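Participant: build me a model:
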Amino acid sequence: METSAATSAGQRCTPIGQPLLKMFKDFETFTPFGQPKTPKKQLLPLRSDKGNTGSGNGNSAQGEVTGTECTMEYLADLLKEKKQLALFPQVFRHMERLVDEEINRVRMALFQCHFSIERLDLPEPEGEPVTIQEKVYVPRKEHPDYNFVGRILGPRGMTAKQLEQETGCKIMVRGRGSMRDRRKEEMNRGKPNWEHLDDELHVLVQCEDTPNRAYTKLKAAVDQIKKLLIPSPEGTDELKRKQLMELAIINGTYRPVNKYPLQTPRLIAPMTLVSPIRHPNGSIAAQPIFVSPTGSP
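Facilitator: You can find the predicted model right below:
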């Protein structure tokens, strides 16, 4: 009996000489009451170097973030943690880098703008790199109240950055009204390197590549900019909806919607109950008690 008891105890206890990883695993799965512990569900899969699980079937990619794993609440928590880490600059540098990478990864999964850009069939580079550019003027006269600058740039410039990544071009908003600070814009007007402020509001698209590739990339970017400069009817602009939602998360004003909203409580008329407290003379108290589902006053 003693031998079996010692053997049973030895099976539950982890020897000191085992690897540290197994010790932590045994500690996580051990429960003193004999009930198996439910393993924690990982919110996001770990990203491998190749971005997939290596299973070869192509059905699941470990580095990809699916919509069920990325939520607005998770992104809001990441942004809160980023603000908390900012209180200790240059202290948790690796944590800051990991949080920034996770924020970018989740954001791309949630707010990926599906631009209608076909995959460019670029030839092999030939010749010396050149820099070409083209201006796309904003139709402010036709739509004076439309926020074209915000639509092109997006929250923190994320929409323009995504478009730059997909086209390989640099996208900048220039001209009158391109700066948020109107006073600063007037102060810089006429100064060197600020000549663009004398021009009408426009989007400047630049591309640096070999001639046989640069013009193809520039044309794709310009075509997409022209599509973005066409205002969508109110209530049907999917890009604007995503931008406003992302802006609310960044500003900390996003309020998640419950997956299972509570039903509207039914209004019940107050009921009059006779108090069981009696006066010393034996008569029932005349003051009624009102009971309401909304709680006591």
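Participant: tell me the domain ranges of the chain?
Facilitator: 72-110, 130-234 (automatic domain parsing).
Participant: highest mean neighbour count out of those?
Facilitator: Highest mean neighbour count of the domains of the chain: domain 130-234, a mean of 16 (counted as mean count of other C-beta atoms under 10 Å). No exception for glycine: its C-beta is placed from N, CA and C like everyone else's.
Participant: state the phi and psi torsions of Leu229.
Facilitator: Main-chain torsions, Leu229, degrees, to the nearest 10: phi -90, psi 10.
Participant: and it, what does it touch?
Facilitator: Listed by C-beta atoms under 8 Å, 6 or more residues apart in numbering, the contact partners of Leu229 are 136, 138-139, 148, 151-152, 203.
Participant: so which of those belong to helices?
Facilitator: Judged by DSSP state H, these include 148, 151-152 as members of helices.
Participant: I figured Lys95 hits Leu85, correct?
Facilitator: For the record, residue 95 is Met, not Lys. Yes - using C-beta atoms under 8 Å, Met95 is in contact with Leu85, at 6.1 Å.
Participant: which parts of the stretch 151-297 of the chain are strands?
Facilitator: 170-174, 202-209, 271-273, 289-291 (DSSP state E, counting those that start in this stretch).
Participant: lowest average pLDDT across those strands?
Facilitator: Among these, strand 271-273 carries the lowest mean pLDDT, a mean of 47.
Participant: point out where the stretch 51-200 of the chain drops to low pLDDT.
Facilitator: Within the stretch 51-200 of the chain, the stretches with pLDDT under 70 are 51-69, 112-118.
Participant: hmm, back to that, quick check, nearest of the ones in helices among the contacts of Leu229 to Asn104?
Facilitator: Nearest to Asn104 out of those is Ile152 (C-beta to C-beta; 19.9 Å).
Participant: list the contacts for that closest one?
Facilitator: By C-beta under 8 Å, 6+ apart, the neighbours of Ile152 are 159-160, 171, 173, 203, 225, 228-229.
Participant: so where do the helices sit in the protein?
Facilitator: So, for the chain - with DSSP H - the helices run 2-12, 20-29, 72-86, 93-110, 148-153, 158-167, 182-188, 211-228, 238-251.
Participant: which of those helices sits closest to Pro129?
Facilitator: Closest approach to Pro129 among those is made by helix 211-228 (7.9 Å; C-beta to C-beta).
Participant: kindly format the C-alpha coordinates of that closest one as PDB.
Facilitator: Provided in PDB are the C-alpha atoms of helix 211-228 (Å, rounded to 0.1, in the frame of the first residue of the first chain):
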ATOM      1  CA  PRO A 211      10.500  53.300 -66.400                       C
ATOM      2  CA  ASN A 212       9.000  50.000 -67.500                       C
ATOM      3  CA  ARG A 213       7.500  49.500 -64.000                       C
ATOM      4  CA  ALA A 214       6.900  53.000 -62.600                       C
ATOM      5  CA  TYR A 215       4.200  54.100 -65.100                       C
ATOM      6  CA  THR A 216       2.200  50.900 -64.500                       C
ATOM      7  CA  LYS A 217       2.300  51.400 -60.800                       C
ATOM      8  CA  LEU A 218       1.500  55.100 -61.000                       C
ATOM      9  CA  LYS A 219      -1.500  54.500 -63.300                       C
ATOM     10  CA  ALA A 220      -3.000  51.900 -60.800                       C
ATOM     11  CA  ALA A 221      -2.600  54.300 -57.900                       C
ATOM     12  CA  VAL A 222      -4.100  57.300 -59.800                       C
ATOM     13  CA  ASP A 223      -7.100  55.200 -60.900                       C
ATOM     14  CA  GLN A 224      -7.800  54.200 -57.300                       C
ATOM     15  CA  ILE A 225      -7.500  57.800 -56.100                       C
ATOM     16  CA  LYS A 226     -10.000  58.900 -58.700                       C
ATOM     17  CA  LYS A 227     -12.500  56.200 -57.400                       C
ATOM     18  CA  LEU A 228     -12.100  57.400 -53.800                       C
END
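Participant: got the angle for it vs helix 238-251?
Facilitator: Here the directions of helix 211-228 and helix 238-251 differ by 90 degrees (axes from the mean of the first three to the mean of the last three C-alpha atoms, to 10 degrees).
Participant: other residues contacting helix 211-228?
Facilitator: With contact meaning C-beta under 8 Å, 6+ apart, helix 211-228 is reached by 115-118, 120, 122-123, 125-127, 129-134, 136, 151-152, 163, 167-169, 171, 203, 205, 207-209, 239.
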